[in-house]
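**Q** using only what follows, build the 3D model:
(one chain, ligands or ions: 1)
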Amino acid sequence: MLYEGFMAGGVAAGGQLTTTTDVENYPGFPTGVGGIELTELYRQQSINCGTRIETLTVDRADLNERPFTVFAVDQSVRARTLIVATGATAKRLDVPGADRLWQKGISACAVCDGALPVFRDKPLMVIGGGDTACEESLFLTRYGSSVTMLVRRDVLRASKTMQQRVLTNDKIRIAWQTELVEVLGEQLVGGLRVRDNASGREREIEAGGLFFAIGHQPNTAFLDGQLDTDDNGYVLTAADSTATNVPGVFACGDVQDKVYRQAVTAAGTGCMAALEAERFLDRHG
Ligand code: NDP
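**A** Next comes the predicted model:
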């Protein structure tokens with residue numbers, strides 16, 4: 001039985017893939033596949049395999065004893081095993097223009113969207129100073145005319161190695177102590193209004209694309225701390241496994257992966273979780 005969620009965290013059932021356009025790196029689709037189309041194919045395949053799907057968001061789960069109890073709106077079910085695949089939500093900045101131009105030159109995933117024609121040979125802006133922002137900026141140098149990182153402080157949070165790679169890349173510029181105030185543009189992103197945090201002065205800069213890389217929020221609130229997580233809230237799993245600290249509960253995909261975050265890696269750990277859940281049931285009934 002699959003609870004696919006109903007606009008959980010403001011995102012349609014299918015999760016983050018439904019917020020992206022073309023997925024270029026999923027095997028089996030040599031010319032790419034639409035994010036929504038891919039989730040529809042997953043859904044149909046689950047149904048073909050006998051999955052019952054409920055379009056409800058799980059509000060809470062009781063993992064104290066097996067069978068576990070899962071609560072969704074006005075129903076509850078008991079489960080002998082549970083796979084948590086609730087993903088993570090990319091954080092966005094709520095500034096004027098950001099909602100209106102979302103997916104019209106604004107993205108929260110450079111690896112998913114960076115290769116789209118709309119970003120080709122344009123000055124691209126990345127917000128954030130962590131490992132993700134550095135990684136995405138490096139990736140975007142293949143497509144943009146230039147890449148500028150808008151960093152709100154005067155230091156990067158990223159690892160030293162990643163910092164080094166960014167600081168020595170000719171195509172990447174860092175705008176230190178700079179925060180986004182407004183996204184400008186009619187049909188597509190055309191520029192940004194930014195504030196210099198040192199002087200408080202605002203200015204407009206030209207931009208053909210904007211990427212939020214200010215972190216992700218793993219979707220674990222419904223678990224209410226019952227599973228062990230790392231400092232960023234990602235569910236911890238055993239080495240080479242999707243097993244969590246609660247026997248019979250497995251976690252896969254972006255809710256436990258802060259490094260790769262791709263549809264194909266999520267599908268891979270999803271397969272691991274299904275096999276491990278099946279083996280768990282064989283052993284424990
Ligand atoms: P982080 O939380 O590490 O970094 C977020 C960045 O965004 C920080 O620079 C932060 O600034 C900035 N930020 C946050 N909120 C705002 C805001 N409102 N306005 C402007 N800037 C903002 O997130 P990451 O996604 O980069 O990384 C998460 C974890 O995943 C880390 O542990 C990281 O090491 C790991 N990771 C590892 C990778 C790898 O090993 N290849 C790749 C990607 C991630 P400030 O510093 O001022 O708080």
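**Q** residue 6 is in contact with residue 58, isn't it?
**A** No - using C-beta atoms under 8 Å, residue 6 is not in contact with residue 58; the gap is 10.3 Å. Placement of C-beta: from N, CA and C, glycine included.
**Q** more crowded one of the two?
**A** Taking other C-beta atoms under 10 Å, residue 6 and residue 58 do not tie; residue 58 has more neighbours (22 against 13).
**Q** helices of the stretch 51-200 of the chain, residue ranges please.
**A** 110-113, 131-140, 160-167 (DSSP state H, counting those that start in this stretch).
**Q** for the ligand, see how far away residue 158 is.
**A** Residue 158 sits 7 Å away from the ligand, going by C-beta to the nearest ligand atom, to the nearest Å.
**Q** tell me, how many residues neighbour that residue?
**A** 22.
**Q** who's in contact with it?
**A** 129, 130, 131, 133, 134, 166 (C-beta atoms under 8 Å, 6 or more residues apart in numbering).
**Q** what are the buried residues along the longest helix along the chain?
**A** When the chain is parsed with DSSP state H, its longest helix is helix 263-284. Residues of helix 263-284 classed as buried: 263, 265, 266, 269, 270, 272, 273, 276, 277, 280 (neighbour count, 16 or more other C-beta atoms under 10 Å).
**Q** show the pLDDT at the residue in the chain that the ligand sits nearest to.
**A** At 2.4 Å from the ligand, residue 130 is the closest residue in the chain, using C-beta to the nearest ligand atom. Looking at residue 130, its pLDDT stands at 95.
**Q** and the residue lying closest to it once chain neighbours are set aside, how far is that from residue 138?
**A** Excluding the flanking residues, the one nearest residue 130 by C-beta to C-beta, 6 or more residues apart in numbering is residue 157, at 4.6 Å. From residue 157 across to residue 138, the span is 16 Å (C-beta to C-beta, to the nearest Å).
**Q** could you do residue 276 as well?
**A** When residue 276 is compared with residue 138 (using C-beta to C-beta), they lie 34 Å apart.
**Q** what parts of this protein come near the ligand?
**A** The chain comes close to the ligand at residues 93, 127-133, 135, 152-153, 157, 179, 214-216, 232, 258-259, as judged by C-beta under 6 Å from any ligand atom.
**Q** now list the buried members of the residues you listed.
**A** Judged by 16+ other C-beta under 10 Å, buried ones among those: 127-133, 135, 152, 157, 179, 214-216, 258.
**Q** identify the farthest-apart pair in these.
**A** 179 and 258 (24.1 Å; C-beta to C-beta).
**Q** wait, isn't residue 8 in contact with residue 219?
**A** Yes - Residue 8 is within contact range of residue 219, at 7.0 Å (criterion: C-beta under 8 Å).
**Q** any common contacting residues for the two?
**A** Common contacts of residue 8 and residue 219 (C-beta under 8 Å, 6+ apart): residue 86.
**Q** and those two? which has more neighbours close in?
**A** residue 219 (23 against 20).
**Q** would you map the strands across the stretch 1-150 of the chain?
**A** 2-3, 22-23, 33-34, 53-54, 58-62, 68-72, 75-79, 82-84, 88-90, 106-107, 123-127, 146-150 (DSSP state E, counting those that start in this stretch).
**Q** Serialize these to TSV and add fields for mean pLDDT and distance to residue 224.
**A** Listed next are those as TSV, based on pLDDT from 0 to 100; distance: least, C-beta to C-beta, whole Å:
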stretch	mean pLDDT	distance to residue 224
strand 2-3	97	16
strand 22-23	80	33
strand 33-34	93	35
strand 53-54	96	21
strand 58-62	97	7
strand 68-72	98	11
strand 75-79	96	15
strand 82-84	98	13
strand 88-90	90	17
strand 106-107	94	32
strand 123-127	98	31
strand 146-150	98	35
